[in-house]
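K.L.:
Need a 3D model of the sequence below.
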Amino acid sequence: MNGSPSAAERAAAGRRRFARLLGVGGAVLAPMAGYTDAPFRRLARAYGAAWAVSEMVSARALALGDDAGLAISAPHPGERDVVLQLFAADPAEAATAARKLVAAFAPAALDLNMGCPVRKVVQRGCGVELMRDPGRAAAIVTAIDAAVPVPVTVKTRLGLDRVAAREVVAAVVEAGAVAVAIHGRTAVQKYAGEADWDAIAEIASAVDVPVIGSGDVTDVHSYGRARARGLGVMVARAALGRPWLFRELLGGAAPSSDEVVAVSWRHARDHVGWYGGERALRRLRGQLSAYAERLGVDRRPFVRVDTLDDLADAWRTSIGIDPRGEAVEALDPFGDTLPRCPALARRRGRRLAA
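P.N.:
Predicted coordinates for the structure are as follows:
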């Protein structure tokens with residue numbers, strides 16, 4: 001007799017796990033392409049994020065043998081409760097990609113992206129386009145759930161051009177999704193206008209899984225209003241250049257200027273370590289300028305950063321704080337630098353051997 005749990009038992013355990021994590025308190029770090037990599041997820045978790053979701057990776061690319069997605073989604077050493085997100089249009093490709101991700105990283109869960117409104121994703125039948133076809137969305141969730149022993153979650157929106165997510169949310173829950181995150185805007189809105197938390201709560205009332213809302217949570221007051229509805233909370237853009245937001249949402253203190261500099265410095269050093277060189281700092285310029293904005297200083301020196309020395313100079317010049325000084329180093333949340341991403345190192349080795 002096979003002693004492994006059934007799909008229903010795995011789903012029930014997954015629902016309990018995510019409900020427990022939300023019950024402890026704290027917001028979830030939302031998946032954001034180009035931002036929620038291992039260095040940023042490490043900071044968000046250190047400051048109190050309930051869990052973190054990776055950047056989305058293409059199921060089709062992974063299924064066809066392109067392992068770039070493994071480098072994009074790779075957890076850092078010791079990362080807990082990481083959820084890896086993929087976007088897919090085909091159930092068989094989603095299942096193949098899911099097996100690869102679980103074999104490589106053993107994540108806490110896999111998340112299906114049903115909310116991305118970017119044209120190149122939608123044109124492939126992925127992201128928010130799945131909201132047009134609840135049956136296909138459910139088939140993808142079913143295929144992933146059958147392929148791997150970890151639970152499946154879904155992130156979606158309120159609808160395409162109007163609030164109409166109830167049917168598709170019910171379908172993916174019936175197919176096995178153990179938690180659902182809902183961005184409180186439609187695809188047409190993208191990131192404009194106000195998030196509709198009343199609509200999120202109405203959809204949540206119709207399903208028996210944890211529902212996490214997203215949109216416009218920027219401080220402890222907006223966090224409290226969302227939690228009062230009985231919903232989990234997911235934070236996206238408000239956390240950029242502000243990973244300590246998760247601490248603030250739990251009632252913690254705002255950072256000093258020294259701490260802001262220390263966190264940005266740690267972020268930059270981890271980025272260089274993880275990606276294997278200072279050239280990677282160009283990809284971090286947006287976040288570095290966001291850190292500067294938090295302190296009300298000129299962003300321009302930070303969007304030109306090429307090296308760690310450039311970043312140190314930008315802070316000294318703009319605010320008179322040396323990130324290499326003892327006072328700032330004492331506020332480093334970790335002290336150790338992330339090692340090189342193993343998946344990136346393997347890809348580079350294969351290219352050199354070719």
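
K.L.:
From here on, just use CA atoms for contacts and neighbour counts.
P.N.:
OK.

K.L.:
what sits up against stretch 280-297?
P.N.:
By Cα atoms under 8 Å, 6 or more residues apart in numbering, the residues outside stretch 280-297 that reach it are 34, 240-242, 257, 260-261, 264, 268, 271-272, 298-300, 302-307, 318-319.

K.L.:
pLDDT (mean, whole number) over it?
P.N.:
Stretch 280-297 shows a mean pLDDT of 96 in the predicted model.

K.L.:
next one: stretch 57-76
P.N.:
Here stretch 57-76 scores 94 as its mean pLDDT.

K.L.:
For that stretch, list every residue counted as buried.
P.N.:
Residues of stretch 57-76 classed as buried: 57-60, 62-63, 67, 69-76 (neighbour count, 16 or more other Cα atoms under 10 Å).

K.L.:
among those residues, which are in strands?
P.N.:
If you go by DSSP state E, these have 57-58 in strands.

K.L.:
Determine which two of the buried residues of stretch 57-76 are furthest apart.
P.N.:
Greatest spatial distance in those: Arg60 and His76, 24.0 Å, computed using Cα to Cα.

K.L.:
Stretch 85-93 spans what distance, first to last residue?
P.N.:
One end of stretch 85-93 sits 14 Å from the other (Cα to Cα, to the nearest Å).

K.L.:
mean confidence score for it?
P.N.:
Mean predicted confidence for stretch 85-93 is 98.

K.L.:
And it, what's buried?
P.N.:
Applying 16+ other Cα under 10 Å to stretch 85-93 flags 85-93 as buried.

K.L.:
can you list those in a markdown table and add distance to Val207?
P.N.:
A markdown table is the format used below for the buried residues of stretch 85-93 (distance: Cα to Cα, whole Å):
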| residue | distance to Val207 |
| --- | --- |
| Gln85 | 22 |
| Leu86 | 23 |
| Phe87 | 23 |
| Ala88 | 23 |
| Ala89 | 24 |
| Asp90 | 25 |
| Pro91 | 23 |
| Ala92 | 27 |
| Glu93 | 27 |
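
K.L.:
what about Glu55, which helix or strand?
P.N.:
Using DSSP states H and E, Glu55 falls within strand 52-58.

K.L.:
hang on, Arg162 in a strand?
P.N.:
No - membership of Arg162 in a strand is not supported by DSSP: H, G, I helix; E, B strand; the rest coil, which gives coil.

K.L.:
And it, how far from Asn113?
P.N.:
In terms of Cα to Cα, Arg162 sits 19 Å off from Asn113.

K.L.:
between those two, who's got more neighbours?
P.N.:
Neighbour count, other Cα atoms under 10 Å: between Arg162 and Asn113, Asn113 has more, with 25 against 13.

K.L.:
could you give the mean pLDDT of the helix or strand hosting the more buried one?
P.N.:
Using DSSP H and E, Asn113 falls within strand 109-114. Strand 109-114 shows a mean pLDDT of 98.
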